[in-house]
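Participant: take this sequence and fold it.
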Amino acid sequence: LNTDSPLTVEVMATGADTRLSAIERLVEQATQEKPWQVALADKVARYFVGAVLVVCMAVFAFWWWYQPERALWVALSVLVVTCPCALGLAMPTALAAASTNLRQRGFLVAKGHVLETLTRITRVIFDKTGTLTKGRFVLDEVQLCDSLSRDRALSIGAALEANANHPVAKAFEPWAGNHKASDVRQFTAKGVEGRVDGKLYRLGNSDFAAEITPRQAPPAAPDNTNLWLLLAGEGGPMAWFSVVDEVRPGAKSLVQHLTRDGLAVELLSGDRSGAVAELANTLGIEHYRAGATPEDKLARLRECQSAGDRVLMMGDGINDVPVLSAADVSVTVGSASDLAQTKADSVLLNDDLNTLADALRLARRTRRVIAQNLGFSLCYNLLALPLAAAGLIVPWVAALGMAGSSLVVVLNAMRLSRGIG
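Facilitator: Modelled structure (predicted):
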């Protein structure tokens, strides 16, 4: 992250090396990783095929003794009518249809177990900045300390932040262009210094800004809820600017949805400001913690899992990577760090957090459709097998039955590609 100066960027990746291609590879990876339901279905199908072969030989032996001229055709009917195509398609088609639906809605399933695990989670843990919020600051309030006008103070702040790349600088963009700053210097984690109309100013945290007038003690911020920046000149403090991080669309409704579904929700943030408590109260999150280090987050996750919780973790930063990797299912956002996206099980590609609620609903619907497909497949085979063994189904009817059962399963699964549930 460059915060001190403009950059000249050279494009080094195109085609297969681009981020879009990386997302496509995640999709391919997800299709290659078999969820436990698919692996179980494959195992059941193998045993089923073995059982069918044994039954088929027994049927052939009986009919060879009873009516030798019909033995081959009856055995063939048994083989065809009990082909485990429908059983083998019951889960993969449902999971593929659901994953495609979610991808179109902006939720990328990157690991094969996501849809199955989403149906079993009991707790959701959120990071704050860049996850529940956009990580994009806007100006909330201005408090003047002397006779300087509000527009003048904002113009000076915008001039100082004109070439800065950090998120806070974006809050001053609407007032840019009225003045031009010179001799601008960036001080990491402190603020910016520069000259506007020949006068020296500082904008940043109170300790840093107050250093420009060493005869005065740093003033206290108006409150500890928001992030406050102090604009100071050589004559002393001039104005306080409160900047707030925009909440992502759907954040509050998502928390309400999770709570209604009986899931525990909590907020773990590395932010040490009072904004964590403010956001938790705004969204209705009862349990929250500010100033949490990556180790703290991981320890909390392990504690919840030890208590029997299935945990969904949603974060975006490099400091969230350990807890994303350890969670039962993890979600990150499209603007997250590359490392976070690589380690997460799924990626939210749009800004609307309600998409996660859609994913939870569709996961539950997918489980129901899979149960329907498996139930139909097993009932079909249990009904068709004795009829074929009794010689009541000729091979061409058996072929139609086998194809028809597979078609029913596929059509039922394709319902997941439309709507949510």
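Participant: now residue 116. Its backbone dihedrals?
Facilitator: Phi and psi for residue 116, reported as degrees, to the nearest 10, are phi -70, psi -40.
Participant: for the chain, just list every one of the helices.
Facilitator: 19-32, 36-66, 68-81, 85-105, 114-118, 150-160, 206-210, 251-260, 275-283, 294-306, 321-326, 338-343, 354-389, 395-414 (DSSP state H).
Participant: tell me which of these sits most buried.
Facilitator: Comparing the helices of the chain by mean neighbour count (mean count of other CB atoms under 10 Å), helix 114-118 comes out on top with a mean of 24. Where you see a C-beta, it was placed from the backbone N, CA and C, and this is true even at glycine.
Participant: just put the helices of the chain in CSV and tack on mean pLDDT and distance to residue 138.
Facilitator: Shown next, in CSV, are the helices of the chain (pLDDT from 0 to 100; distance: least, CB to CB, whole Å):
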stretch, mean pLDDT, distance to residue 138
helix 19-32, 55, 27
helix 36-66, 75, 45
helix 68-81, 83, 66
helix 85-105, 86, 27
helix 114-118, 90, 33
helix 150-160, 91, 13
helix 206-210, 86, 21
helix 251-260, 93, 16
helix 275-283, 87, 13
helix 294-306, 88, 27
helix 321-326, 83, 28
helix 338-343, 76, 24
helix 354-389, 88, 22
helix 395-414, 86, 44
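Participant: so can I have JSON lines of those showing distance to residue 191?
Facilitator: What follows is these, written out as JSON lines (distance: least, CB to CB, whole Å):
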{"stretch": "helix 19-32", "distance to residue 191": "32"}
{"stretch": "helix 36-66", "distance to residue 191": "52"}
{"stretch": "helix 68-81", "distance to residue 191": "77"}
{"stretch": "helix 85-105", "distance to residue 191": "41"}
{"stretch": "helix 114-118", "distance to residue 191": "42"}
{"stretch": "helix 150-160", "distance to residue 191": "9"}
{"stretch": "helix 206-210", "distance to residue 191": "5"}
{"stretch": "helix 251-260", "distance to residue 191": "29"}
{"stretch": "helix 275-283", "distance to residue 191": "18"}
{"stretch": "helix 294-306", "distance to residue 191": "26"}
{"stretch": "helix 321-326", "distance to residue 191": "29"}
{"stretch": "helix 338-343", "distance to residue 191": "28"}
{"stretch": "helix 354-389", "distance to residue 191": "36"}
{"stretch": "helix 395-414", "distance to residue 191": "57"}
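Participant: who wins for proximity to residue 178 among those?
Facilitator: Smallest distance to residue 178 across the helices of the chain (CB to CB): 4.0 Å, for helix 150-160.
Participant: pull the distance from the closest one to the chain's centre.
Facilitator: 38 Å (CA atoms, centre = their mean, to the nearest Å).
Participant: can you check stretch 245-254 too?
Facilitator: 14 Å.
Participant: tell me the confidence at the residue nearest the centre of the chain?
Facilitator: Centroid-nearest residue in the chain: residue 331, 2.9 Å away (criterion: CA atoms, centre = their mean). Per-residue pLDDT puts residue 331 at 93.
Participant: my read: it touches residue 346, true?
Facilitator: Yes: counting by CB atoms under 8 Å, residue 331 touches residue 346, with 5.0 Å between them.
Participant: bridged to the residue nearest to the centre of the chain, which residues?
Facilitator: Assessed by DSSP bridges, residue 331 has beta-bridge partners residue 314, residue 346.
Participant: how near is it to residue 260?
Facilitator: Computed as CB to CB, to the nearest Å, the residue 331 to residue 260 distance reads 19 Å.
Participant: over to residue 385?
Facilitator: Residue 385 is 45 Å from residue 260, where distance means CB to CB.
Participant: same check, this time on residue 76
Facilitator: 55 Å.
Participant: repeat that for residue 10.
Facilitator: Distance from residue 10 to residue 260, by CB to CB: 50 Å.
Participant: ok, residue 374 next?
Facilitator: 29 Å.
Participant: repeat that for residue 221.
Facilitator: With distances taken as CB to CB, residue 221 is found 37 Å from residue 260.
Participant: can you check residue 79 too?
Facilitator: Taken as CB to CB, the span from residue 79 to residue 260 is 50 Å.
Participant: can you check residue 203 too?
Facilitator: From residue 203 across to residue 260, the span is 44 Å (CB to CB).
Participant: for residue 333, same thing?
Facilitator: Applying CB to CB, the value for residue 333 to residue 260 is 23 Å.
Participant: correct me, but residue 87 touches residue 378?
Facilitator: Yes: contact between residue 87 and residue 378 holds when scored by CB under 8 Å: they sit 7.3 Å apart.
Participant: nearest to residue 181, out of the helices of the chain?
Facilitator: Closest among the helices of the chain, using CB to CB: helix 150-160, at 4.1 Å.
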